[in-house]
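1. prediction below, plus the sequence it came from.
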Amino acid sequence: MAQQDILSTLRKLISGMDESLVIFDQSGKLLHASFDLEKLLERNDLTGTTIFEFLTYEHERIEGFLKDLDTSKYMDLQVILRRSKGVFTARMRLAAWKVDEGEYLILGSLVDATHIERKRRDLLRKTLTIELLSKSKKIRNGKLHDAIYEILEMSSKAVGVTRVNAWLFDESHDQIECIGNYDTRSGKMVPQESLPVIDMPTYFMLFETEKIIIASNAQTSPYTSELNESYLVPNGIVSLMDIPLRSEGSIIGVICFEQVKQTRNWTLNDQKFGLIAAQMVSLAVETHKRKLAQQELEAALRQQKRLLIETNHRIVNNLKITESLLNIQVNKARDAFHRNLMLDSVNRVQSILKLHEMLTDNNARNLRVSLSHYVNRLVQSLRDSLSFPQRQLQLLTSIDSCEIKSSLAMCIGIIINEAVLNSYKHAFAENEIGVIRIDFQMQGPKGVLEISDNGKGVKGNREFTGSGVEIIRGMVEHLNGNLDIDGTNGMKICVSFSMR
């Protein structure tokens, strides 16, 4: 088919199309242009011009395409075109038809890609903003004021609006209070008064069913017009996009994107970004609340620790006073019987005193004490109080190293104190050299405490009685443990109990 016939057919084909189309030959000379292309390039008559006159820097790519039509007959590229009002981005699609040997006609379609490029840049700007906010240390550190400033400032630039502000309900939900209002006109936070919720019933009820409120003309919208008198008109707000802030499923406030003095049509990308910005604000508020709760908890723990230390100091002081008063009574005793009674009481007080002295040490943590340290201090105290010429005793210890609760340590201390006093009073004759052993072993989850002496023991089937034995039984029962007393070869008291 001759070139003129094909050209005539193509002209008829594109004459009814509402697109910017052009036909040119291998040299780039325009043979026909649609009316829409003339409007796009702002020229009344394009016939006789070349495609290269409107290109900026893509000459080589198109020239290469035109020289190689025998192998490639289609091309799709983005170009920058000239027109009277400047340059613009366009998408160009080219298709070639062979009309004779070595001769081709090229049909081109041009679309103004300015809005596509604008949309691409807008999406890129929003994406980068979201990425930066997701890495924000201010949000993660719970610094609410700094985090809100950062979110609102970056959001205003990403969306390109006049104002972005965030609001939270007060405790009674009677008012909604502004926690930040960034205004691009001043480039800083601007104060904003609180608003009564009762004046905006329709507005807030809408959030129960909708994720977002959009109003291109907020002052006439049935959803937002109730804000006119108190908010929209005084601030010159024409368009708004409001998204609720939610925490644990409940609405805690709202973030508002506001355009002043001109109408704004909110795109789908604007809405998606607004939802993410709302999540960022909610995250900042929740992190701030958690930080405050953590600080309150830490302050309460510090206060509790101070009170505990003070309480232990007071207990220690009171126990020392009690010990001193009992020692005075020991010195005033008129016979050995009453003297021994007073000494028993002194030793019981001392077993409790040693524990509380350890709890007031800097090394005591979480009301736990080193059992070996506690027992050795208790035994040394017993050595000092039982060192009389008529009783030459050795107190030997073998204690597995472990940390236990103070309540458990106190029970163990009382058991040791009573068993040692019992051996001291009943196991040995005067001037007899005796040995009392205190052994503790860890056996899995259980502990085994054994107090034994090499004294005379208990002959026959006599029952083990006395106030000291009753105290030991009471302590073992308190521990939910097992007690075994053997008096056949000296006295041996064995207590097993759970360490948990």
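-> Cool, got the structure. Residues are numbered from 1 along each chain as shown.
2. please compute how far stretch 486-493 lies from its chain's middle.
-> On the basis of Cα atoms, centre = their mean, to the nearest Å, stretch 486-493 sits 60 Å off its chain's mean C-alpha point.
3. no no, stretch 410-429
-> In terms of Cα atoms, centre = their mean, the centre of stretch 410-429 is found 54 Å from the chain centre.
4. list the buried residues in that stretch.
-> Under the neighbour-count criterion of 16 or more other Cβ atoms under 10 Å, stretch 410-429 has 410-424, 427-428 buried. From N, CA and C alone the C-beta is placed, and that goes for glycine too.
5. what pLDDT, on average, does that stretch get?
-> For stretch 410-429, mean pLDDT rounds to 84.
6. mind listing the strands in the stretch 201-350 of the chain by residue range?
-> Remark: strands assigned in the stretch 201-350 of the chain by DSSP state E, counting those that start in this stretch are 213-215, 237-247, 250-260.
7. show me what the shortest one packs onto, helices and strands only.
-> Contacts of strand 213-215 with other secondary structure elements, assessed using 3 or more Cβ pairs under 8 Å, 6 or more residues apart in numbering; DSSP states H and E, are made with strand 237-247.
8. which neighbouring elements make contact with the strand it packs on?
-> The contact analysis (3+ Cβ pairs under 8 Å, 6+ apart) places strand 237-247 against strand 163-169, strand 213-215, strand 250-260, helix 268-332.
9. out of these, which is closest to G64?
-> With Cβ to Cβ as the criterion, G64 lies closest to helix 268-332 of the helices and strands packed on strand 237-247, at 36.5 Å.
10. just the strands in the stretch 1-150 of the chain please.
-> Going by DSSP E, counting those that start in this stretch, the stretch 1-150 of the chain shows strands at 20-25, 30-33, 74-83, 86-100, 103-112.
11. make CSV from those and add distance to P244, mean pLDDT and mean neighbour count to it.
-> What follows is the strands of the stretch 1-150 of the chain, written out as CSV (distance: least, Cβ to Cβ, whole Å; pLDDT from 0 to 100; neighbours: other Cβ atoms under 10 Å):
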stretch, distance to P244, mean pLDDT, mean neighbour count
strand 20-25, 44, 89, 21
strand 30-33, 52, 88, 20
strand 74-83, 40, 89, 15
strand 86-100, 38, 87, 16
strand 103-112, 38, 88, 18
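12. could you redo those strands as CSV and give each row distance to F337?
-> As requested, those are exported to CSV (distance: least, Cβ to Cβ, whole Å):
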stretch, distance to F337
strand 20-25, 122
strand 30-33, 130
strand 74-83, 112
strand 86-100, 112
strand 103-112, 115
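13. V448: which of the ones you listed is closest?
-> Across these, V448 has its closest neighbour in strand 74-83 (84.9 Å, Cβ to Cβ).
14. export the closest one to PDB, keeping only CA atoms.
-> The C-alpha coordinates for strand 74-83 follow below in PDB (Å, rounded to 0.1, in the frame of the first residue of the first chain):
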ATOM      1  CA  TYR A  74       7.500   0.100  18.900                       C
ATOM      2  CA  MET A  75       8.900   2.400  21.600                       C
ATOM      3  CA  ASP A  76       7.500   3.700  24.900                       C
ATOM      4  CA  LEU A  77       9.400   6.400  26.800                       C
ATOM      5  CA  GLN A  78       9.000   9.500  29.000                       C
ATOM      6  CA  VAL A  79      10.100  12.800  27.500                       C
ATOM      7  CA  ILE A  80      10.300  16.500  28.400                       C
ATOM      8  CA  LEU A  81       8.500  18.600  25.700                       C
ATOM      9  CA  ARG A  82       8.600  22.300  25.000                       C
ATOM     10  CA  ARG A  83       5.600  24.600  24.600                       C
END
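15. would you map the helices across the stretch 1-150 of the chain?
-> According to DSSP state H, counting those that start in this stretch, the stretch 1-150 of the chain carries its helices in the segments 3-15, 35-41, 59-67, 114-134, 137-140, 144-159.
16. helices and strands around the longest one, which ones?
-> It stands for helix 114-134. strand 86-100, helix 144-159, helix 268-332.
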